[in-house]
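S.K.: no sequence for this one, just the structure:
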């Protein structure tokens with residue numbers, strides 16, 4: 001049905017374009033069926049002077065160029081109309097696409113694999129709809145480490161907020177950041193004991209936080225005490241876990 005409508009619309013546009021171009025390409029015609037009406041009295045009105053018939057191609061060059069350009073512009077507009085209308089259609093009319101968009105709204109920083117699992121949808125299908133949403137400006141994608149994370153573009157997520165939200169997707173990172181917020185000046189050893197993690201694992205997470213400017217440390221003898229950056233703490237306190 002949709003294909004038939006498209007074909008009908010294309011045929012209508014081509015017909016309109018032909019009708020618009022016809023006056024420009026068809027020369028004027030002065031056929032043999034002419035006749036002259038003479039007044040009944042010599043005192044009557046004089047007949048109008050005959051106007052010479054001029055074809056389009058006998059007009060001045062600038063008139064011909066202007067006419068052709070005018071016609072081409074109208075034809076291009078008519079030919080582009082279906083594409084413009086198609087692009088203006090609501091990208092969220094597709095149910096799967098709407099579900100993906102709503103999931104991103106509820107879970108900023110999610111990945112395509114998370115969406116695929118949550119909605120029992122093939123990864124190729126998710127990738128296609130994500131590309132459509134991105135091309136229409138509904139979502140933005142950001143590469144973070146080995147993951148590409150999705151965010152709602154209509155919400156003004158700062159770069160810092162995107163980084164924090166991405167870390168919140170990992171339970172260990174989330175726990176460590178929250179612990180630093182709850183216990184400013186905490187050390188690697190204390191975090192290791194609290195979460196039953198190897199010091200090397202905690203150190204790896206802390207180095208990532210430092211590289212992304214989420215935390216800072218103060219040297220206290222042989223120990224490093226970790227604190228959240230003010231902007232990060234404000235973001236974390238505003239999030240509901």
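M.R.: Looks like it arrived, so ask away. Everything quoted here is computed from the prediction, not taken from an experiment.
S.K.: how about residue 217, secondary structure?
M.R.: With DSSP: H, G, I helix; E, B strand; the rest coil as the basis, residue 217 sits in strand.
S.K.: shouldn't it be in contact with residue 227?
M.R.: Yes: using C-beta atoms under 8 Å, residue 217 is in contact with residue 227, at 7.2 Å. Bear in mind the C-beta positions are built from the backbone N, C-alpha and C, glycine included.
S.K.: what bits of the protein have low per-residue confidence?
M.R.: Counting by pLDDT under 70, the chain has low-confidence residues at 1-54, 56, 77, 80-89, 155-157, 240-241.
S.K.: Strands of that one, start to end?
M.R.: Counting by DSSP state E, the chain has strands at residues 139-144, 147-152, 215-220, 223-228.
S.K.: quick one: strands adjacent to the first one?
M.R.: So that's strand 139-144. Strand pairing for strand 139-144, using DSSP bridges, gives strand 147-152 (antiparallel).
S.K.: Now the partner strand: buried residues?
M.R.: 147, 149, 150, 151, 152 (16 or more other C-beta atoms under 10 Å).
S.K.: Name the residues that touch it?
M.R.: For strand 147-152, contacts defined as C-beta atoms under 8 Å, 6 or more residues apart in numbering pick out 101, 104-105, 108-112, 115, 130, 138-143, 157, 162, 165-166, 169.
S.K.: Disregarding flanking residues, what is the spatial nearest neighbour of residue 214?
M.R.: residue 232 (4.9 Å; C-beta to C-beta, 6 or more residues apart in numbering).
S.K.: thought the one you found was touching residue 160?
M.R.: Yes: the criterion here is C-beta under 8 Å, and residue 232 meets it with residue 160 at 7.0 Å.
S.K.: which of these two has more neighbours?
M.R.: residue 232 (24 against 16; other C-beta atoms under 10 Å).
S.K.: quick one: contacts for the more buried one?
M.R.: 160, 164, 177, 214, 215.
S.K.: Quick check: nearest residue in space to residue 163, chain neighbours excluded?
M.R.: Sequence neighbours aside, residue 212 is the residue nearest to residue 163 in space, at 5.2 Å (criterion: C-beta to C-beta, 6+ apart).
S.K.: right, I mislabeled it, should have said residue 133
M.R.: Residue 133 sits nearest to residue 139 (C-beta to C-beta, 6+ apart), 4.7 Å away.
S.K.: For that neighbour, list the residues it contacts.
M.R.: Counting by C-beta under 8 Å, 6+ apart, residue 139 touches 101, 104, 130, 133, 150, 151, 152, 153.
S.K.: 7 Å - rerun?
M.R.: 101, 104, 133, 150, 151, 152, 153 (C-beta atoms under 7 Å, 6 or more residues apart in numbering).
S.K.: quick one: the third one and residue 97 touch, right?
M.R.: Yep, that's residue 133 we're talking about. Yes: if you go by C-beta atoms under 7 Å, residue 133 and residue 97 touch, sitting 6.4 Å apart.
S.K.: and those two? which has more neighbours close in?
M.R.: The residue with more neighbours, out of residue 133 and residue 97, is residue 133; 24 against 21, by other C-beta under 10 Å.
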